[in-house]
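Student: Return a 3D structure for these sequence lines:
(2 chains)
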Amino acid sequence: MNDEALINKINEGLKDKVVAVTNPAPRRIFFKVNADNLLSAVNWLKDELGITHLSTISGVDLGQSFELLYHFANNYCALTLQTEIPHEHPVLPSICELIPGAILYERELQDMFGIVVNNIPDSRPLILPDDWPAGNYPLRKDWKYERPTEVIPGGKS
Amino acid sequence: MSFEIPIGPQHPALKEPVGVRVTVDGEIIREADLRLGYNHRGVEKLAEQKTWIQNIYLMERICGICSHSHATCYVQGVEKLMEIEPPKRGLYIRILVSELERVHSHLLWLGVAGHEAGFDSFFMYVWRDREIVMDILETISGNRVHYAINTIGGVRRDLNELQIKHILESLEVLRQRSAYYQKLGTTEPSFVARLAGVGYLSKEDAIALCAVGPTLRASGVPMDVRKDDPYAVYDEVPFEVCTADTCDVLGRTVVRIKELMQSYNIIEYLLKNLPAGPIAVRPPRKAKPNEVVSRYEAPRGENIHYIKSNGSDKPERLKVRAPTLANYAATIKMLKNGFIADVPLIFAAIDPCICCAERSVAIVDARSQKETVVTMSSLGQLSLKNTNYKARKREAEWPL
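Tutor: Have a look, this model is predicted:
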């Protein structure tokens, strides 16, 4: 297997669903699909290419939109499936039915970016504490940390 | 009657404090649930505010055992972004340190496995020999834990002939001792009986739950980033991917012992073929807008960093996924239908942490919600009692 053969397979298999394919370095392939086609693309990867190992899901805040990167890997290369969703309406389908190991990464996305993952089997917060104020998503670019003023119970003596 | 038992969050057997809530039916675990985030330090957010060089030190401090793994994974990604090629000698030294780190991490694990299985003399022997590796690392880098050997474009310290001679001599001792532990394991029936069949994770589950590292390889999946996606100089170093097919804690032990032997060979090869020349090149201060996926085989498994640059001297986004997180989903699967006394052993099998302090387990009565705190030592006693009373698998074979 080589990069070119893989890219050809992706172009043939997913046809017009693929928005762009890049190959910036040997054994690294990035390809982009629309969020509506995400599930069918993951399904295709799993069934046709036999890629079942999801390394992680990265989220990037681009200002107007969120970019999601699903890092897949097989015994030859690291394949990254990119998709973009609007900032005002961040909704994403869950891929847990296809890849059960994705659950922790999807919960992390919900915590850190405030992305709503539809059909997620377990939607509790993963990393943030239980008393974390609602609507605060730390990895969004417009979120700034402000240290809360310290309140000493009973006042200073 | 079923009980719900919270274990942690200050759990001993894991690197990070983690809360595990297990529902037990008698001694059998029926449900397990994880609560993370007790040690969340916001490293990814912090990294966006620091320069490329400053981030090396931040990345190194993600972990106290595989500190070199995160630093290397980050540095090799940034080198791709900056389009620089580190010199061969620099890469050899970098990989030498990463293999030494693997040896120290696996020896540490082996000791803890011995301890959790109730074989404390094994633990003490292994940890005595782990000092040899720590000493080697100290002679190379000047530090025992955070080696700080990486820099963007190469490494920061060179090796001399005297050091190479010292490492090769020490390596001979380590080889002999490891061979002895291998033999000891083969002829120690109670040790094998304690580990065999515990924490079963089938091949299909390991693949579906995206497990990594020795946990995955012990379930018979030969996946190793060093072989699949060779970074640095792994494409010219001869070594084998070690697997086992027992799918249990015994298999994970076997995989780690075999990997120790492979690491000794790699270290010897690297030292004997160390090329001459400079050890680092000067990096630019800024990186062009681009993105890179960097993968690294840490002692615990695949480590992946996604780095996006925006043309400035700071990263736009730095995503870190440590191997332990990838193994959590598999851990839940392993705990289910196991014995409560096997919890420490199963957790230890993923890879434990050295900086563990207090160990306690609170038992909550599901009906009265009354909590009793049990110390780890009494849980250990329970574990010993459990193995004493259970029918032993005397015919269990050490699959080496």
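Student: Mind giving me the packing neighbours of the one helix or strand B:Gly251 maps to?
Tutor: Applying DSSP states H and E as the criterion places B:Gly251 in helix B:249-272. In terms of contacts (3 or more Cβ pairs under 8 Å, 6 or more residues apart in numbering or on different chains; DSSP states H and E), helix B:249-272 is packed against helix B:88-116, helix B:161-186, helix B:189-195, helix B:213-217, helix B:343-350. (C-beta placed from N, C-alpha, C; glycine too.)
Student: which residues sit against the fourth one?
Tutor: This means helix B:213-217. B:201, B:206-207, B:223-224, B:241-244, B:252, B:255-256, B:259, B:297-302, B:323, B:327, B:330, B:349-351 (Cβ atoms under 8 Å, 6 or more residues apart in numbering or on different chains).
Student: Nearest to B:Pro284, out of the helices and strands packed on helix B:249-272?
Tutor: Among the helices and strands packed on helix B:249-272, the nearest to B:Pro284 by Cβ to Cβ is helix B:88-116 (16.8 Å).
Student: what angle sits between that closest one and helix B:343-350?
Tutor: 170 degrees (axes from the mean of the first three to the mean of the last three Cα atoms, to 10 degrees).
Student: so for helix B:88-116, what's the average pLDDT?
Tutor: Confidence over helix B:88-116 (mean pLDDT, whole number) is 92.
Student: Give me the angle between whichever helix or strand comes after that helix and helix B:161-186.
Tutor: Using DSSP H and E, the helix or strand that directly follows helix B:88-116 along the chain is helix B:120-141. Following the same axes, to 10 degrees, one obtains 160 degrees for the angle between helix B:120-141 and helix B:161-186.
Student: any weak-confidence spans in the chain?
Tutor: With no chain named, the answer covers chain A. A:1, A:156-157 (pLDDT under 70).
Student: nope, chain B
Tutor: Low-confidence regions of chain B, defined by pLDDT under 70, span residues B:1, B:8, B:10-16, B:186, B:351-400.
Student: For chain A, give me its nearest residue in it.
Tutor: Using Cβ to the nearest Cβ, B:Cys210 is the residue of chain B that sits closest to chain A, at 3.0 Å.
Student: ok now do the closest residue to that residue other than its chain neighbours, which residues does it touch?
Tutor: What sits nearest to B:Cys210 in space, not counting adjacent residues and going by Cβ to Cβ, 6 or more residues apart in numbering or on different chains, is A:Gly101, at 3.0 Å. By Cβ under 8 Å, 6+ apart, A:Gly101 lies in contact with A:54, B:208-211, B:326, B:329-330.
Student: B:Ser263 too?
Tutor: If you count contacts by Cβ under 8 Å, 6+ apart, B:Ser263 has them with B:99-100, B:102-103, B:106.
Student: 10 Å - rerun?
Tutor: Contacts for B:Ser263 (Cβ atoms under 10 Å, 6 or more residues apart in numbering or on different chains) come out as B:98-106, B:133, B:171, B:174, B:178, B:239, B:299.
Student: quick one on the thing from earlier: would you check how far apart the residue of chain B closest to chain A and A:Leu69 are?
Tutor: Distance, B:Cys210 to A:Leu69, using Cβ to Cβ, to the nearest Å: 15 Å.
Student: more neighbours, the two?
Tutor: Neighbour count, other Cβ atoms under 10 Å in any protein chain shown: between B:Cys210 and A:Leu69, B:Cys210 has more, with 26 against 21.
Student: thinking that one is in contact with B:Ile304, fair?
Tutor: No. Taking contacts as Cβ atoms under 10 Å, B:Cys210 lies outside contact range of B:Ile304: 11.3 Å.
Student: wait, does the strand or helix carrying B:Ala32 make contact with chain A?
Tutor: Following DSSP H and E, one finds B:Ala32 within strand B:28-35. Yes. Strand B:28-35 reaches chain A (Cβ under 10 Å from any Cβ of the partner chain) through B:33-35.
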